[in-house]
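> quick one, structure for this:
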Amino acid sequence: MERRNFSTLMALLGMTSLQGAESKPEVLQLRRNGWMPNNEKLPVLLYRSISGDVRSDVASYMEKVFRQNGWPPQWRNGVYSFHHYHSTAHEVLGFAGGEAKIMLGGENGTVVTVRKGDVALLPVGTGHCRISASSDFLVVGAYPPDQNWDLCRSAPDAKAIARMQSLSFPGTDPVQGNSGALSRNWNL
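Numbers count the residues shown, from 1 in each chain. Have a look, this model is predicted:
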């Protein structure tokens, strides 16, 4: 059965597939950029259109996918409009509504456009900032178990650098599960 026919059949049965989730995510390797540490060992993974045929409650769908893959969701909101990073957690951002331009990597970093259904997996230390967004922009944030995010807006000190370097790897990919792109791209 062709993929398109399979997706249509699944939608008719009220079931959803992770359309786009099986495909390879975009990989963005960031280097230190001014005060922004980024993560020189682990790349950002950007999955496009994981929500497939889901048209209504994409936020709940993403929360379900993240939870099933061992990344408990912690919030729904947006992305801060100032450059920041987290030194205590890897982060997955599920874009559940609207669209936005996000700068990754700190000032003069890489601008990516994200839309409803996209997901960004940010390794610890990755700078991010919302440049612009539609009025219906909505994000679901999730983290590996036992990792809680902090908010860093200046260069890391030696203690923060050591913390980031020793942070445990997640056990699974938040979108694709055990055999996902995280295990292939994060050299676990």
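
> neighbours of Arg76, just the number please.
By other C-beta atoms under 10 Å, the residues close to Arg76 number 16. (C-beta placed from N, C-alpha, C; glycine too.)

> that one: what's it in contact with?
For Arg76, the contacting residues are Ala59, Ala96, Leu138, Val139, Val140, Gly141, by C-beta atoms under 8 Å, 6 or more residues apart in numbering.

> let's have those in a markdown table, adding pLDDT.
Shown next, in a markdown table, are those (pLDDT from 0 to 100):
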| residue | pLDDT |
| --- | --- |
| Ala59 | 96 |
| Ala96 | 96 |
| Leu138 | 97 |
| Val139 | 98 |
| Val140 | 98 |
| Gly141 | 97 |
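
> where do the strands sit along this protein?
26-28, 44-47, 73-77, 91-97, 99-104, 110-115, 119-122, 128-133, 138-142 (DSSP state E).

> and these as a markdown table, adding distance to Thr172?
A markdown table is the format used below for those (distance: least, C-beta to C-beta, whole Å):
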| stretch | distance to Thr172 |
| --- | --- |
| strand 26-28 | 18 |
| strand 44-47 | 13 |
| strand 73-77 | 14 |
| strand 91-97 | 11 |
| strand 99-104 | 23 |
| strand 110-115 | 22 |
| strand 119-122 | 11 |
| strand 128-133 | 22 |
| strand 138-142 | 12 |
